[in-house]
Structure formats: structure tokens, C-alpha cells
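sequence plus the predicted model coming up.
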Amino acid sequence: MEQMAVQIGLGDTVKSLISKLQFEEAAELLVTTASLNYLDDSLRRAFDHEKVSRPLNDGGAVSFLPRIARGPILTTNFDRVLEMTFQDAQKPFAEVFHGGQIREASRALQLDQPFLLKLHGDYHDSEHRILTLTEYTREYGHSDPTNADLNLELPTVLGQAVGSRPLFFLGCSMRQDRTLTVIGRIARRYSGTIHFALLSAAELVPDRIRQLYSWNIRPLFFPAGHFKTIPEFLQVLADSIADSPTRTIRQSRRNSPAIPRKDLVFINGYKLFYFRMTRKLSNSDLSRLSGVDRYQLSRIQSVANYGAAKGIRRFKQCPRGVLTRLERALECWGQLEANKGDDFLSMYMQFYLTYKGTNASGTPRHTQLKLRFQTKVIAFDFDGTLTENLDHRTTWERIWVALGYTIEECSDLHRRFSRKEFSHEKWCELTFEKFKKARLKENLFRRIARDIKLIDGTRETLEFLKSHGVRLYIVSGSIRQIIRIVLGDLYDLFDEVKANEIRFDSAGKLESIEGTRYDFEGKAQFLRRIISDHGLSELDVLFVGNSLNDIYASRSGARTLCVNPHMTNPDIEEHWTYAIKEMTSLQQILKYVQI
């Protein structure tokens, strides 16, 4: 760019911009002063790979990369050096993605194939290249990297790369240019993934170290000015990888009889765990019933719940015959193979996260609590408690799918919240960003509500309770507007409804998501407030729920009733006082109400 600038009389101006790391502004100035064609022609002359002598394997730093890299490689370079190097080493990339192929790269990142992702395009592709400020703003949503929209396609792919595996930055200055600023923002989201960078010891100063560590990057230093040590370092790294114990293990596996890949299937560990636990079988029990080795059973039941694992790669593979034997033993034919629409339903995922490591048999309830009390308050959950839940989808999951997202995208936020990666407020904020991007409109709520049916006997039960002076409440993690639509005139029977609220402005555009304080642990807080405000005994209050986020209600001291359990173990008396495992009418709860 400096050479181009001199030829059109902008040498000093462009040099000044580059010294300030304003590369995109410099490219923009060249295009607006000269033309895009001038920039294209100059890039093609500078990077013409046909003029490069082959092979490139001359002992330089780049020649060691085919021995080091086993998976995806990312670059912002426009040249073809990496492609040529891997070809010369007889290890060509399975795919090379750039520019308009960024969506395909997103899918490929879930695999371990050695592919090249040219983040900012190729020198020969002016249509999809990212070099000028206008092009950068188009792909990142803003000229200021601190305000870049991380939900756009290119930042999303960067996020998948940064969050899913450790990166090794090589030949990168790691200065705070636009790309590194975006990578830094993304890296802070995935604090558990550590990256590395090879840098000059001249950078070994406190401020620089703090900056790198804030990006989760651990620097490896070579002596300042001694660039010849870089290939020496890479050779040591390549040799250590070749001699590592894991390589020996991989080699031994390759030498052992292998199951043909076509005979292997991914098994949904969430579902396998769910069906085993709800059938009250230990691993040993299921092993005896199915004939599957107990240790193999334990392995394939394990799910990778960390941030790096995505999609079907969270699950383990097993021979199809093993899957068939397990489905037969658990009487869940056709439900265990992964890669289905319900792979990441909250029902299965949250059950796994809550009960993994507990005893499958539980403690059966032989007697109900027998104390004299009068039921003065009943607080209900909504989804799956007052409503039928035939497909086990929550209201939130229905909205995500209706907006074109996948169940996994919805459940991933749920999972991360459950692992305490962020607060409920942050969860709402991230959901808001997704819904805004998808242009959520309020009229979608009526379409969603039409598919939600109240369980039989709801009207009769609520009117009976109200006529006998029982205070009624809803405390739910669902959405207030949808609850109102589904209940219709029954909504007015409730003294108070606590749920999340999605607000729209006068033009019907999404304005905010106001998260309820009274979900999960907050349910106990709400019940304690009701008990205190009305001067009640804890036994005067009955909470009716069905799900994992309802188990916290018991901490209030109130009696708890589990109905149609799908995401919780109703036999754990610490959580549930009573249980109706198959409730077909809400009138069945009256057995546990004393008026």
C-alpha cells in the first residue's frame, strides 16, 4: 500500500495511517483517490503465486507448519503461501474457504479436517475481499471493532474457532488492530480456552503481557532480533509432536482392528442417561440387560458439555449394534441415535446436568406428608404444569425455532447459564441480541400461543380453588404475554403472575427483554415473600411444578407437588413433597389440597 501511495502522491499520508495501525483507512483512501481496479491490479501483481519458485520447503518457518497443524488454519493473508506449502508437503488442505464461503467454513469448523480459512479473502477475489474500511464495516457491522456485531457471519466463525480449540498465533504482530481487537473480545467470552503466540522478547513488558493475558493468549518469546530462531523453535515443536505419547497411542489404535466408519453412529448421551435414570437402572443393571460392556456404556453416556464441543460432536460414537441393544433394553426404539431435531431439548440436557453422578434408584416415596394444615396459597409453574407438553419444548424453544434458530442455539445459552458462566440478566441480554437480529415481532406470540394447550380440567380446578378463597399465583420462567394469551379470561383468577417480559416499542419493534427475578433460585424467594406478606405457615403454601427450574421452590419450606415430570426426578424428597407422575387433568392436584 505504501508503494501504491507513492505512485499517486499519497506516500506520507498512507504511511502515517499505517503507522497508527489504520490499515483499512489507508486502503480506503487508495481506492477513493485512485480506483478499486488500481488496488486489484496492484494486489494481483504483488501476490501472483504463479511466479513463486516451487517447492517452498526450504527449511524456513512456514515449511514446518504441515508437521504441526492437524486441524483448521486461519489467516488474514491474501497470498497463496500456505496452500503451496501444504501441497509441497503432500498434505494439501481438504478445503480452502474464503470470502463468500464463510458459511461453509462455519460448518467445517466442527470437524477436525485440515482446512484453510482465509478470513479476509484471497488476493484474486475482489468481490469478497476485506481490506478497505467499507469492506470491513460490511462484514463486521461497524467500523469500530469494539462495537463490531459478533453475531454476524464472519465474527461468528471467528468465535467458533477461538472458543473451540487452542490457537497458535505465528507471524502475527498481535498489535491492537481491528482484527485482533475483535479476537480479543471473543476470547474473553471463552475464558477457559488458552491460546499461544510466538513473539519477540522486545514485547516482554508489563503492559503488553497484561494485554495478551486479557485475550487469553500466553506469549512464547524468542530473543529480540534473532528471527533465525523461529524455524529452530518450530522444528523442535514439530519433532515433539511427532514423538508425543498421544501419537504412539493413535498409532497403536490404527494398528488394531478398526470398526468400519460406516458402522459407527453418534449416540445421544443426554437421552441415554435420561432413559436409564427414569427406568431406575444403574450402569451395571443396563449392562446386564443389554449385553453392552459397563465401561463402554459409561463412555458413550458421557457428553462433552464444555464450550469447545459443538453440535453432534458433543456425543460419542458406538457401533450401530450397541445402539440397537440399548434401545431394546430401555424400550426407547429409534430415540437414541443423535443428529435429530430434539438432540438438545432442555428436557434432556438439564436432567443430565442436574442428576449426573446421582443414584438411579432414588428413594421411592411410600407415604405422603401427613400433617394438619389448610391450603391458603397455590403457586403454579406454567410450561408443562398448566399446559400439555407433548413435544417437551418450552415456550422459549418454540420462539427460537420459529425465528429460524436451532434448538441447540437455545439450549447452549441455557447450559452455559446452568454452569454459572453468566447471570440471568446476561442470558436475557444474549437472547435479546439473537431475537433482535431475527426481527422478532409481537404477532409471533399469538402463533406460538395457538400451539400451547391448557391441560384438561384447568378451568374447573382454578375456579373451584378461587371460590374457596385460595390465593393463586404463577411463578414461571416462561413469557408473560404468552401466558396471558393462553389463559385468556382465566388470567384474571391469579393474584399475581411472575414471568419474563418481552417489550416492544410503538412501532412493534423489539425493545427489551426483562428477565424475571423469580425463576430457578428465585422461585423460593418469591414463595418466602408470599409467606411473609400474608403471615402464613410454610405448610399453608403448595407449589406445583414439573421441571428442573422448579426444584428450588422447596427451599422456601412450602410443600411441593411434581406433576408430569420430564426434567426432574420426582422421587427425590428433598425437592418434591408429592408427585403425580401421570397427570391427565389438573383436578388430580386437589388430592393434595386441604380447604
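That came through, no problem. Residues are numbered from 1 along each chain as shown.

spatially central residue for this structure, please.
D412 (3.6 Å; C-alpha atoms, centre = their mean).

for it, give me its contacts.
Going by C-beta atoms under 8 Å, 6 or more residues apart in numbering, D412 touches F344. Yep, even glycine has a C-beta here, placed from its N, CA and C like the rest.

so it is in which element?
For D412, the host element (DSSP states H and E) is helix 407-418.

cool, V497 as well?
Here V497, judged by DSSP H and E, is contained in strand 496-504.

can you give me the strands in the stretch 51-200 of the chain?
When assigned using DSSP state E, counting those that start in this stretch, the strands of the stretch 51-200 of the chain occupy the ranges 73-75, 96-98, 116-118, 168-169, 195-200.

so for N569, which of those strands sits nearest?
Evaluated with C-beta to C-beta, the strands of the stretch 51-200 of the chain place strand 195-200 nearest to N569, the distance being 39.9 Å.

which parts of that closest one are buried?
Neighbour counts over strand 195-200 (16 or more other C-beta atoms under 10 Å) mark H195, F196, A197, L198, L199, S200 as buried.

P565 touches G545, doesn't it?
No: taking contacts as C-beta atoms under 8 Å, P565 lies outside contact range of G545: 9.2 Å.

before we move on, back to that, alpha carbons of the strand holding V497, as PDB, please.
Written as PDB, here are the backbone C-alpha positions of strand 496-504 (Å, rounded to 0.1, in the frame of the first residue of the first chain):
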ATOM      1  CA  GLU A 496     -50.000 -12.200  40.600                       C
ATOM      2  CA  VAL A 497     -48.100 -13.600  37.600                       C
ATOM      3  CA  LYS A 498     -44.300 -13.500  37.700                       C
ATOM      4  CA  ALA A 499     -42.600 -14.300  34.400                       C
ATOM      5  CA  ASN A 500     -40.200 -12.800  31.800                       C
ATOM      6  CA  GLU A 501     -41.400  -9.900  29.700                       C
ATOM      7  CA  ILE A 502     -40.500  -9.100  26.200                       C
ATOM      8  CA  ARG A 503     -41.300  -5.500  25.400                       C
ATOM      9  CA  PHE A 504     -41.900  -3.800  22.000                       C
END
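
that one: what's the following helix or strand?
Per DSSP H and E, the first helix or strand lying C-terminal to strand 496-504 is strand 510-514.

for that next one, packing partners?
When contacts are defined as 3 or more C-beta pairs under 8 Å, 6 or more residues apart in numbering; DSSP states H and E, strand 510-514 packs onto helix 424-437, strand 496-504.

sorry, back to before: how much space separates the residue nearest to the centre of the chain from T406?
Distance, D412 to T406, using C-beta to C-beta, to the nearest Å: 9 Å.

please enumerate the shared neighbours of those two.
Counting by C-beta under 8 Å, 6+ apart, the shared contacts of D412 and T406 are F344.

quick one: the strands in the stretch 201-350 of the chain?
217-222, 264-267, 316-319.

which non-adjacent residue is nearest S476?
Computed as C-beta to C-beta, 6 or more residues apart in numbering, the closest residue to S476 that is not its neighbour in sequence is F382, at 3.9 Å.

er, N339 actually
Closest residue to N339 apart from its sequence neighbours, by C-beta to C-beta, 6+ apart: I312 at 5.2 Å.

my guess is the one you found contacts F266. True?
Yes: at 5.1 Å, I312 counts as touching F266 under the criterion of C-beta under 8 Å.

so if I had to pick from the two, which one is more boxed in?
Neighbours around I312 and F266, counted as other C-beta atoms under 10 Å, are more numerous at F266. The numbers are 20 against 15.

OK, contacts around that one?
I312, F315, K316, Q317, E337, A338, N339.

for it, give its distance to C332.
According to C-beta to C-beta, F266 and C332 sit 16 Å apart.

which one of the contacts of F266 is nearest K466?
For those, the nearest to K466 is A338 (46.2 Å; C-beta to C-beta).
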